[in-house]
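1. what follows is a protein structure lacking sequence information:
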């Protein structure tokens, strides 16, 4: 092996405030060969983005970086002077961030932003323009000449990320750092963007460092991966090995927590009574926002005890569907509950929701106990705050805390408990695990399943993640541009004849896992 | 990009581990206020004027009697000198805190209550109510405040009650707009949706769910309008539309003595320092609260 593209020895990064100092990266060592794809996996707070920043020589205020060796593209990053660092960043490395919309200047046409890179290299205007078109062509953007005069908000998320990649690769760097490059993008766009990066790496021969919380994604696109837990590199090795035979307890946990498309749900088959009697009948549900059809003539029934999964990409109308069911929107068409519920006295809410962001779904000024007591009162429940906490796996000691003192998983448990404070026949879960780490996600899904079995409520489970939906649902509905293109029992959707759109959704999800398992 | 900051997500899910890096409300915010020198000094200044306003006659100060030579310069006997009627300026400046702190705080309080309630209601219900209210406030805010004030004084008179009402009306629209904006931000969060879904009554959502979350904004606005109200009442007195002689009011004193500015500067400068210290202190308090509640 010739000189490595990246050589990191015993890297320590700590953040200090006036009173305390916390080490977030503790003695991490790894190397990346030229042209190699290396992946770092870890949950939030594991220090993965901090490592990426250390590689670029970027020091956040209050951060102390020490290492026995930190060499990128043959340069010792820690000893570079300010002008050298600037030249190093401009020529040797490229970085692609999580949110392309924020990485691009909203007031500048994208072409001008890419051209800036060439101008900084010293090219004149004409050459920069020509190179820009070439760079945009290389990342597979249609009609680059016209596109270069558009502004970031006029592009889709996938197109924006391609522009950012074009910028990062403009000066042929030796290392491309990808920090959660596809988080927030739809599964199909994610597949396309990652395929593009793989193709460009093969063509241009740069090394990549892919940082993500998404283990299958990293495993599918990297030759070797490292698993980070709280700043410590607990395991590293060939991608397929780590995914299939994890050795460290933490990696095992991560792998075990993965919702798997190959996961079969025998539990479902044993209970044919599920969903036999209808609870809600939806007919001709439609909603437009300023002339744009967000939801178009959706009709279905939701049975008692049933878990109905709803999948679709962003903008498919799945959240609108959930909100319409909950009665939060004015809409066309009917949502009718079975008579016995409509006539319930005293009138109690029929639908509760669990939302995506656990931070926003709890009032920051109210303690868990206040939230629970009020919910029990409003929903006509019989339990106490303690019994509610216990039934959702929360330590009763947490009852006196405010939301900011809880972890993400705990907050989501509180939000779920709130929905189960009284006898409510239907709970709409709108992406309840999307904002959580994988290991937390698995436990929240277990909780939702357990609560459903115990109380016999019906769920409408909305998610963009097919694997998650498949794990829970009896039936799955697929929404595409506001229309219900498929509605079938969960197993049939994966084996039977389906709409071409559904097929493409399944393909991009299966593809990732199959490739990860096969190794690359 | 997510900068990984220690503790920004507690890795152990169901442990009791608290998350120390997030902005902590309540107690620790108050403690961080106490570590700010400009906050402490400002509070001391305000407290000093409050004590002065209430307690000046208890310590034997005589702001209305001739106690020395006319226009005597500062000496040990009269640290701030005397005015054109031989009255002790120190006693008059201390006593002047009374009228300044009568109209200003109560007017600001009234404005905060009216503005806060209207802002919450407008932000919560949106629609026609919101539009009508905001357009009306836009009109009020477009009027030059001093001219508007003079008109209101003409309508309501210059008694303390009337002045408090006038200050309340003058500052309520601005507060309502800020609180409406803050309410709209909170309305976008799903805890409000969750409360609605649980069948919570509007009044409870407004006052139990929303109000505590816009409270820091409201406190800041109240303090800022306190400063502005003190300033406005001093201006009114200066124009002869507020306190009348022989009141020790600062604005009035500045107006009465401005002809002596060149010969007896102390008769103008000390009341002016009184107004300025109170206004600046109130503004600094508001700034400090804003910085820690971020």
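-> Arrived safely. Note that the structure is predicted; figures quoted are calculated from it, not measured.
2. the closest residue to residue A:223 other than its chain neighbours pairs with what?
-> Distance criterion CB to CB, 6 or more residues apart in numbering or on different chains; nearest residue to residue A:223, sequence neighbours excluded, is residue A:37 at 5.3 Å. For glycine as for every other residue, the C-beta is placed from the backbone atoms N, C-alpha and C. In this entry, residue A:37 is beta-bridged to residue A:208, by DSSP bridges.
3. where does the chain have low pLDDT?
-> No chain in the question, so chain A it is. A:1-2, A:18-19, A:259-275, A:339, A:341-346, A:511-520 (pLDDT under 70).
4. meant chain B actually
-> Applying pLDDT under 70 to chain B flags the ranges B:1-27, B:294.
5. and the longest helix for it?
-> Taking DSSP state H as the criterion, chain B has its longest helix at helix B:89-125.
6. look up phi and psi at residue A:123.
-> Per-residue torsions, residue A:123: phi -70, psi 150 (degrees, to the nearest 10).
7. quick test: name the residue nearest the centre of chain B.
-> When CA atoms, centre = their mean is applied to chain B, the residue found nearest the centroid is residue B:226 (1.6 Å).
8. give the contact list for residue B:197.
-> Counting by CB atoms under 8 Å, 6 or more residues apart in numbering or on different chains, residue B:197 touches A:326, A:328, A:349, A:351-353.
9. residue A:348 now?
-> With contacts defined as CB under 8 Å, 6+ apart, residue A:348 is in contact with A:379-380, A:422-424, B:199.
10. coming back round to it: let's see if you can find the most crowded of the contacts of residue B:197.
-> residue A:353 (27 neighbours; other CB atoms under 10 Å in any protein chain shown).
11. would you agree that residue is in contact with residue A:419?
-> Yes. In this structure residue A:353 lies within contact range of residue A:419 using CB atoms under 8 Å: 6.8 Å.
12. overlap in contacts, the two.
-> Shared contacts of residue A:353 and residue A:419, counting by CB under 8 Å, 6+ apart, come down to residue A:427.
13. just to be sure, residue A:11 is in a strand?
-> Yes. Residue A:11 forms part of a strand when assessed by DSSP: H, G, I helix; E, B strand; the rest coil.
14. hang on, isn't it packed against residue A:23?
-> No. Under the criterion of CB under 8 Å, residue A:11 is not in contact with residue A:23, lying 10.9 Å apart.
15. with adjacent residues omitted, what lies nearest to residue A:319?
-> Spatial nearest neighbour of residue A:319, chain neighbours left out: residue A:430 (5.7 Å); criterion: CB to CB, 6+ apart.
16. can you tell me the helix or strand for the residue nearest to the centre of chain B?
-> helix B:211-238 (DSSP states H and E).
17. and that helix, how far out from the chain's middle?
-> 3 Å (CA atoms, centre = their mean, to the nearest Å).
18. which ones are touching residue A:299?
-> A:282-285, A:333, A:484.
19. of these, list those near chain B.
-> Among these, no residue sits close to chain B (CB under 8 Å from any CB of the partner chain).
20. just the buried ones from the residues you listed, in PyMOL syntax?
-> Burial among the contacts of residue A:299 is assessed by 16 or more other CB atoms under 10 Å in any protein chain shown; the matching PyMOL selection reads:
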select buried, chain A and resi 282+285+484
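21. so which of the contacts of residue A:299 belong to strands?
-> Among the contacts of residue A:299, the ones falling in strands (DSSP state E) are A:282-285, A:333, A:484.
22. can you lay out these as a markdown table showing distance to residue B:217?
-> Output for the ones in strands among the contacts of residue A:299, formatted as a markdown table (distance: CB to CB, whole Å):
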| residue | distance to residue B:217 |
| --- | --- |
| A:282 | 41 |
| A:283 | 45 |
| A:284 | 44 |
| A:285 | 39 |
| A:333 | 40 |
| A:484 | 43 |
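23. and of those, the nearest to residue B:52?
-> Taking CB to CB as the measure, residue A:285 is the one of the ones in strands among the contacts of residue A:299 closest to residue B:52, at 67.9 Å.
24. next, see if stretch A:413-428 gets close to chain B.
-> Yes. Under the criterion of CB under 8 Å from any CB, chain B is reached by stretch A:413-428 at A:415, A:418.
25. that stretch spans what distance, first to last residue?
-> 15 Å (CA to CA, to the nearest Å).
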